[in-house]
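Peer 1: curious how this folds, go ahead:
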Amino acid sequence: MIEIGVNNRQDTYSVIDGKYEYQRVQLDEPSSKYIYIPLSVITDTNMDIRRVGIFSYLKIHCGLNNIIGFTIPDMVEWCGGKPDRRPNGINGKVLSLLDYFNDVGYLTYLTEKSRSSYMKCLFDTAKYYEQCSNGYAVVYLDEIEKIMNYEKSNSKDGILNNSTILLVFAFLRNKIYRRPNELKPEERTSDGIKYRRERLPEAYSSNISDIANEIGVSTKTLSKIIDILEYDLELIVTDRAYRVKNDNDEYRTLPTIFANAYKREDKYLLDVGDNYSRNEIELKVNNMNQHYQNYKINKSKRKQKGG
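Peer 2: Just a heads-up that it's a prediction; the model follows:
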């Protein structure tokens, strides 16, 4: 991770190079490379839970001629699984997922289908960008590699795998707002930057159960994955609110707030560290108080990273 200085965290804000909110630091490879994951892939629960993992494999391995050569076992291993050619095994599930991508127009088979032999397909970039126009997640190559290389501790939760972790990360990356670094002319003042940050914090709020329903995983699995993303992989930062009583004197769980652990834009790193993410969360809390009375972060819920 490239370290950069703290950006503009004071009462007055300065404009960088006359038009930017943040200083830009060039990212090295593979951190500078990224792909788009269409929101329709992330949230389509009709597809297998490995949908974002397999889609990422296709996009990363797509050549300049849009042709992808692969084997199902290689896809399975890349997603952190063990190949299994039995009729109900993981190879067949991945092949069914490719069939779905074929049916909706993302790819066309160029060879016979096989659970184990070498195959080729043509990736439809027009379909890809058409779907991205309806929403997408920007995921960087080093982030994908970090997630796919993650080795979980002993767990009997079969759904908690590398592809599911990537699915959750892609969902959050899509939902967490990103302010463009380039400022509009009316924003190029100290007050303009301050107002923009207050109005558009780079954080997302939602109940865990709502996210689980939207992407098709259990709340228990999702909670485990969120902890992995935050404390093991250090890709996101979260804060949970104190529970409050409703009019019936019953305790109510308020939304969790999510932020990125760092801010990137295109091939640049703009900001990094807890000061960045916690500041964006605090800005989001201020907005939340307009909708939830006495919304307050419970800092005791924070855990130690790497633990």
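Peer 1: tally of neighbours for residue 118?
Peer 2: 11 (other CB atoms under 10 Å). Placement of C-beta: from N, CA and C, glycine included.
Peer 1: what is the neighbour count of the residue lying closest to it once chain neighbours are set aside?
Peer 2: The shortest distance from residue 118 to any non-neighbouring residue, by CB to CB, 6 or more residues apart in numbering, is to residue 71 (5.5 Å). By other CB under 10 Å, the residues close to residue 71 number 16.
Peer 1: for residue 71, give me the pLDDT.
Peer 2: Each residue has a pLDDT score; the one for residue 71 is 97.
Peer 1: does it really touch residue 120, like I thought?
Peer 2: No - Residue 71 is beyond contact range of residue 120, at 10.6 Å (criterion: CB atoms under 8 Å).
Peer 1: look up phi and psi at residue 255.
Peer 2: Reported as degrees, to the nearest 10, the phi and psi values for residue 255 are phi -60, psi 150.
Peer 1: now residue 231
Peer 2: Here residue 231 shows phi and psi, under degrees, to the nearest 10, equal to phi -100, psi -30.
Peer 1: over to residue 150?
Peer 2: Dihedral angles (degrees, to the nearest 10) for residue 150: phi -70, psi 130.
Peer 1: confidence score at it?
Peer 2: Residue 150 is given a pLDDT of 93.
Peer 1: begin at 58 from now on, thanks
Peer 2: All set: I'll call the first residue 58, so the last point we hit is now residue 207.
Peer 1: report how many residues lie close to it.
Peer 2: Neighbours around residue 207, by other CB under 10 Å: 16.
Peer 1: leaving out the residues flanking it, which one is nearest to residue 201?
Peer 2: residue 113 (5.6 Å).
Peer 1: am I right that that neighbour is in a helix?
Peer 2: Yes - counting by DSSP: H, G, I helix; E, B strand; the rest coil, residue 113 falls inside a helix.
Peer 1: quick one: contacts of the helix or strand hosting residue 151?
Peer 2: Element membership for residue 151 (DSSP states H and E) is helix 147-161. The contact list for helix 147-161 (CB atoms under 8 Å, 6 or more residues apart in numbering) reads 103-105, 107-108, 111-112, 115, 129-130, 132-133, 136, 138-143, 164-166, 170, 172-173, 178, 184.
Peer 1: among the residues you listed, which are in helices?
Peer 2: Among the contacts of helix 147-161, DSSP state H puts 108, 111, 112, 115, 129, 130, 132, 133, 184 in helices.
Peer 1: what two of these have the greatest distance between them?
Peer 2: Farthest apart among the ones in helices among the contacts of helix 147-161 by CB to CB are 130 and 184. That separation is 26.4 Å.
Peer 1: checking my notes, residue 125 in a helix, right?
Peer 2: No - looking at residue 125 with three-state DSSP, it is strand, so not inside a helix.
Peer 1: good, we can wrap up now.
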